[in-house]
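Novice: could you look at this predicted model? Sequence included:
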Amino acid sequence: MNRLVSTVLGLSLLAASAAHAQPGGGMRSPDADGDGVITAAEYEASALQRFERLDANKDGFIDAAEIEAIRQRFAQMGGGSGGGPSRMLTALAGQDADKDGKVSKDEALASSRAQFAAADKNGDGKLTSDEFRPGPPGGPPPRQ
C-alpha cells in the first residue's frame with residue numbers, strides 16, 4: 001500500500017515538475033477546496049488535469065514520445081535518471097492496461113480511481129493526511 005501511495009505522490013510530483021518546465025505551467029493541489037481532505041471527485045479532477053498536461057499533442061493518449069519528452073525535461077531540470085523518475089515513468093507506463101504502447105484518458109482515470117480506492121484506507125470516500133503518511137516497512141517513518 002505504501003508503495004502505491006508513493007507512486008501516486010511521485011506521479012503528482014512528476015506532473016508538477018513537467019508543468020514547471022513549461023512556460024506558464026503550474027500544478028494545483030488535488031485538494032481543490034483547500035479543506036485538508038481530498039475527495040474522489042477532487043482526486044479524479046486532478047488526475048484528469050495531469051493527463052491533459054502530459055498529453056502534449058492533445059490526441060487523447062500519452063504515448064512513448066510524450067513519456068520520453070517528460071524524461072528529457074526531468075533530466076534537464078537536474079532530475080537525472082535515478083530511481084525516482086524511473087519509478088514514476090514506469091508507473092505511468094503501467095497504466096497502459098491494453099498494452100498498446102500508450103495510455104488513454106480512460107486508462108489513466110481507471111488507474112486513478114483504483115489508486116484512490118487503495119489509498120482510502122477507511123473507505124469513507126475521502127483521503128486525509130493520515131492516509132497519505134508513509135510508514136515502515138514501505139517508507140520512512142511518519143513525520144511527527
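Specialist: The structure has been received and is ready for your questions.
Novice: show me which residues of the helix or strand residue 53 falls within are buried.
Specialist: Element membership of residue 53 [criterion: DSSP states H and E] is helix 40-54. Along helix 40-54, these residues count as buried under the neighbour rule (16 or more other C-beta atoms under 10 Å): 42-43, 46-47, 49-51, 53-54. Glycine gets a C-beta too; all of them are placed from N, C-alpha and C.
Novice: which other helices and strands contact it?
Specialist: Packing partners of helix 40-54 (3 or more C-beta pairs under 8 Å, 6 or more residues apart in numbering; DSSP states H and E): helix 2-20, helix 105-119.
Novice: quick one: least confident helix or strand in the protein?
Specialist: helix 2-20 (a mean of 42; mean pLDDT, DSSP states H and E).
Novice: so where's this structure uncertain?
Specialist: The model of the chain has pLDDT under 70 over residues 1-28, 79-86, 88, 133-144.
Novice: cutoff 50 now
Specialist: Low-confidence segments of the chain (pLDDT under 50): 1-26, 135-144.
Novice: what is the nearest of the buried residues of helix 40-54 to residue 98?
Specialist: residue 51 (16.0 Å; C-beta to C-beta).
Novice: separation between residue 92 and residue 50?
Specialist: 10 Å (C-beta to C-beta, to the nearest Å).
Novice: brilliant, that's me finished.
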